[in-house]
Each structure stands twice: as C-alpha cells, then as structure tokens.
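Novice: Build the 3D model from these lines:
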Amino acid sequence: MPTDSHFADHLQLIVPNLHWHYTGVTATNRMVAPKLAETLRVGWLGTDAPEGITRMTMADLARLWRRRTPLIWHARRNNEMIVGVLLKWLGWPLKLIFTSAAQRHHSWITHWLVRRMDAIIATDQIAASYLEREATVIPHGVDSGRYAPPADRAAAFAEGGLPGRYAIGCFGRVRAQKGTDLFVDAMCRLLPRYPDFTAVIVGTITADQAAFANELKKKIEAAGLQSRMVMIGYLPIEEMPRWFQRLTIYAFTSRNEGFGLTLIEAMSSGAALVASRAGAAELVLEDGTSGVLTPTDDVGALVAALEPLMRDPASATAMGARARARVLAHFTFDAEVSSITEVYRTLV
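Specialist: Model (predicted):
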C-alpha cells in the first residue's frame, strides 16, 4: 500500500519486521498488525508487509526525526531493539516496547537492550521470568474466525487429495528443534497399525536443514510410507487454516520453543492436540481434557499419547471440541490485541 503525504505526521505505531526469512515472529506480526491498524495509524517497516497495512519507506522514517508527538516502536527481535535504541538516541521520538516469547536465559546484549525499553511484554510467565525486569504478560491469541472447525471435516480432508479418512499433522519448520524427526519416527510405528490415517508435515526446509530433511525422507521410504506420510513444504499463511481443518489430530513435537502459535491454531481449529512440554504447552492446554502433554524428546511417550486418539477418532473429535472451547475462553486474538493496546496507552 503506498504511503500518503500526511502519513508520517499522523503515525502512531511502527511495526518493524527486520528479518529476511519468514519466521514465527513474522507470522505473529502479520496477524497482529492489521488488527491494531483498526484503531491506530500503523506503519510496517521491513519485509513481508500484510495487506491492509501501510508500508513505511526510509523517507517516511526520516520525516519522523525530532517530531514532537511520541510514537510506539514495537520490537520482537534483538536487531529491532538495537535499531529502536539507536533511533531514539539520535532524536526520533520513540517509545520502545519489546515482546519476548523466549523461554531461555538471554545473552548480555539482550539484557542490555531490555533495560532500555520503555515497556516489556512477555507471552507467558516463564518467558517473563528470564527478562530480569517487570513485564506485562499477554498470551498470544488466535483469530478464531479464520482458525475454526470446518462445517464438514471429512469434506475438508477429501479436498486435500490425501489417502485414507483422517489426517494427523505436524506443522512448522522442518528441523530437530521442532521435533520433526520425532513425529516421523512415531508415524513409522503407528501408520501401519491405522491404515485410515495419513500424516502431513507442513513447513519450510531451509538450505541448512536439507540433509536433516533428506534423512527423514529416507526413513519414510524405508518404512514404505511415501504415500501416507506427506511432506508438503512451505505453504503461504493464507492456506494454513484450511490445512488445520483437515486434521483430526495435531502433534506438537518441539524440543524447545518460544510460545508455539500452532498450539492454539490447532486447538482453535478443533483438532485433538498431543504436545510436548515445550514452549507454552503446559499453560495453554489442560492435560487429559483439551489435549495431552508428553515429555520432550520422547518418541515412546509420543506414540503412547497418539495411539488412543488414532484408535478412536471420535474421542479425538471430542477432545478437539474441548480444545476449541478453551481457546475461546482464554486465547482469543481480540483479547491479545486489546491488552497490547492498553500497554501502548500507558506510554503515549
């Protein structure tokens, strides 16, 4: 969307997305920014600007120098904090906010930058505990209208052209950190027992993970499951809701994670969830009710948790309905955006 002549004068919020690759942070920015733009004048600085958001140019940014009215710079990465701190030091009228989803000890540079933010948001209490300063906890939310159960899951499944009657999925970048290999190992054991199921892996394979992905493909071929374990690769975010709707079961297999958006996307779509105790899984689902928790990096536990749901798809459907209800009660997109807006209001 082109900028207009008064854009810089009326701007209230800058969403920097200073990363060349499409990541979960980018996906979060692309979901949240258009909703914020319904009530604020928002500019997007960087790559992958979503529809409905004005993309800022460097000329727009330059016009903000020494403007009297402050505006929000909402960073989600270290490099975005660095740029914000530098611009503020040079005279840009910025109020700096950082959102952290990381559940790990941070580097010294991250702590140095965090201390220079005007406000901090953490996606959960665990992430907040690593920041060494006060943070407002605002869980991620999901657009429950887009990520919704299909009117007819069997029809949604058939539309995908997959063999069998049911799908079990694992979505995210194909790499060890996401536990894609754990999912493949579990499916090599379970799919021969449950011929009505097809496994679907959706996620980018980056150049540095090509060897890892090739090893997974060899395992699938050795098990004779090429037609029933489908690696789709990258899909545009606009196509993801329909793929979640094709799933009866979703497996979240990460070894370590930030928050893990696919958790609430799968739950909102009405899929039964089996999740490793990584990221926000223990906070998001109720073990045994709206999902099943397993230890991280444990194929045997993953198999044991998935098998009862594959044996009885009706029970998976019932669990998916409970998962959907939990999302609507605790993890809506509107609640997340409203809470973020309140943090902005405390600063400007």
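Novice: and Pro93, what are its phi and psi?
Specialist: Per-residue torsions, Pro93: phi -80, psi 70 (degrees, to the nearest 10).
Novice: so it makes contact with Thr69?
Specialist: Yes. At 6.7 Å, Pro93 counts as touching Thr69 under the criterion of CB atoms under 8 Å. C-beta coordinates here come from the backbone N, C-alpha and C atoms, glycine included.
Novice: higher neighbour count, the two?
Specialist: Pro93 (16 against 11; other CB atoms under 10 Å).
Novice: any idea how far Asp118 is from the more buried one?
Specialist: 12 Å (CB to CB, to the nearest Å).
Novice: Please, where are all the strands along the stretch 51-200 of the chain?
Specialist: Along the stretch 51-200 of the chain, counting by DSSP state E, counting those that start in this stretch, strands occupy 54-55, 71-75, 94-100, 119-122, 136-137, 166-171, 197-202.
Novice: Sheet-wise, list the partners of the fifth one with their directions.
Specialist: According to DSSP bridges, strand 136-137 forms sheet pairs with strand 119-122 (parallel).
Novice: avg pLDDT for the partner strand?
Specialist: For strand 119-122, mean pLDDT rounds to 96.
Novice: again, but for stretch 153-163
Specialist: 95.
Novice: got the contact list for it?
Specialist: 150, 165-167, 198, 200, 227-228, 230, 242-243, 245-246, 248, 270, 317 (CB atoms under 8 Å, 6 or more residues apart in numbering).
Novice: Next, give me the two most distant ones among those residues.
Specialist: Ser227 and Gly270 (26.0 Å; CB to CB).
Novice: center of this structure - which residue?
Specialist: Nearest to the geometric centre of the chain sits Leu261, at 3.0 Å (CA atoms, centre = their mean).
Novice: For Met240, see how far away that residue is.
Specialist: Leu261 is 10 Å from Met240, by CB to CB.
Novice: List the buried residues for the longest helix seen in the chain?
Specialist: For the chain, the longest helix by residue count, based on DSSP state H, is helix 313-330. Across helix 313-330, burial judged by 16 or more other CB atoms under 10 Å covers 313, 316-317, 319-320, 322-324, 326-327.
Novice: Just the closest of those to Thr110, please.
Specialist: Checking those against Thr110 by CB to CB gives Val327 as the nearest, at 30.2 Å.
Novice: so who does that closest one touch?
Specialist: 142, 144, 264, 267-268.
Novice: Quick check: the gap between Gly291 and Leu113.
Specialist: 35 Å.
Novice: what about the two, which has more around it?
Specialist: Set side by side, Gly291 and Leu113 show more neighbours around Gly291, with 26 against 21, by other CB under 10 Å.
Novice: wait, doesn't Ala148 sit right on Ala266?
Specialist: No. Applying CB under 8 Å as the test, Ala148 and Ala266 come out as separate, 11.9 Å apart.
Novice: okay if I get the contacts of Val327 as a markdown table plus distance to Arg277 and neighbour count?
Specialist: Shown next, in a markdown table, are the contacts of Val327 (distance: CB to CB, whole Å; neighbours: other CB atoms under 10 Å):
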| residue | distance to Arg277 | neighbour count |
| --- | --- | --- |
| Val142 | 20 | 24 |
| Ser144 | 25 | 19 |
| Ile264 | 16 | 27 |
| Met267 | 16 | 32 |
| Ser268 | 21 | 28 |
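Novice: Quick check: which element contains Asp48?
Specialist: Using DSSP states H and E, Asp48 falls within no helix or strand.
Novice: same question but for Met231, I mixed them up
Specialist: Using DSSP H and E, Met231 maps to strand 229-233.
Novice: quick one, that strand and strand 197-202 angle?
Specialist: With axes from the mean of the first three to the mean of the last three CA atoms, to 10 degrees defining the directions, strand 229-233 sits at 20 degrees from strand 197-202.
Novice: So which other helices or strands are in contact with strand 229-233?
Specialist: Packing contacts for strand 229-233, counted by 3 or more CB pairs under 8 Å, 6 or more residues apart in numbering; DSSP states H and E, involve helix 180-190, strand 197-202, helix 210-222.
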